[in-house]
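1. Sequence and predicted structure, then a few things I'm wondering about:
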Amino acid sequence: MIAIVLFGKPGAGKGTQAEFLKEKYNLTHISTGDVFRYNLKNGTDLGNEAKVFIDKGELVPDSITINMLAEEVAKNMDKAGFLFDGFPRTIKQAEALEELLKEKGISFAGTIGLDANDEILVARILERGKTSGRADDQNEAKIRNRYKEYNEKTAPLIAFYENKKMYSSVDGIGTIEEVTERLSKVIDTLV
Ligand code: AP5
């Protein structure tokens, strides 16, 4: 089994692209944001714990997120591997992921970042917010806070993975099909 991390700022297109790539490469797509939102909707303890942070556009604490991810991996060991979207988002999460993959005998193929500038992405999210019902999409201040969190806690992961020669990036601007093609070219070299 293999694992690929799809990396990028809020709104970069990780979820959109994962929908196509998971089918093409027979991967289980795990979006930590989707798992949190599912739990929020169903009023679980995990959902209630995460809500406080998500509503403010802050990252959910590592301990909660890492446990949740490990449970999702354990439940889904039936495909060719995993496509992680929105995880890891901190160095601590990246270290936990490496340990988890080792423990499960999953080979870490690499991390692919979707590049795009903040202004285009904020506009995308504001547009999506009209219909998504996501509390963290509803106003620009919350969206900006997600970028602040990204810059402070998540962006350092690029250097972390570059140092390990585990990072590639593709241009995230263009049609959805164009971006899928760029990502596929990189994934074909990893699998
Ligand atoms: P999460 O759900 O991961 O949100 P995010 O990273 O902010 O990412 P988005 O879902 O907003 O964007 P995306 O990159 O998936 O883009 P999408 O495909 O939707 O996390 C939400 C929250 O949960 C976090 O803020 C945090 O609180 C918590 N959380 C989650 N993971 C965590 C973790 N590991 N640790 C701690 N906390 C965590 O596309 C965006 C829009 O653009 C869509 O409308 C789409 O249709 C459109 N679009 C996509 N591609 C294109 C294109 N090529 N051209 C034009 N439009 C496009």
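-> Noted; the coordinates are in hand.
2. what about Pro10, helix or strand, and which?
-> Pro10 belongs to no helix or strand when assigned by DSSP states H and E.
3. Please apply the same query to Leu121.
-> helix 118-132.
4. Can you name every helix or strand that that helix contacts?
-> Applying 3 or more Cβ pairs under 8 Å, 6 or more residues apart in numbering; DSSP states H and E, one finds that helix 118-132 makes contact with helix 140-149. Backbone N, C-alpha and C define where each C-beta goes, glycine included.
5. Which one of the residues in the protein is closest to the ligand?
-> Gly33 (1.8 Å; Cβ to the nearest ligand atom).
6. What parts of this protein come near the ligand?
-> 8, 10-16, 31-33, 36, 53-54, 57-60, 65, 86-87, 89, 93, 124-125, 128, 136, 146, 174-176, 179 (Cβ under 6 Å from any ligand atom).
7. coming back round to it: tell me the angle the helix holding Leu121 makes with helix 140-149.
-> Interaxial angle of helix 118-132 relative to helix 140-149 (axes from the mean of the first three to the mean of the last three Cα atoms, to 10 degrees): 130 degrees.
8. Flag the shaky bits of this structure, pLDDT-wise.
-> Within the chain, no stretch has pLDDT under 70.
9. Please enumerate the strands of the chain.
-> All strands of the chain, identified by DSSP state E, fall at 2-8, 27-31, 81-85, 107-115, 167-171.
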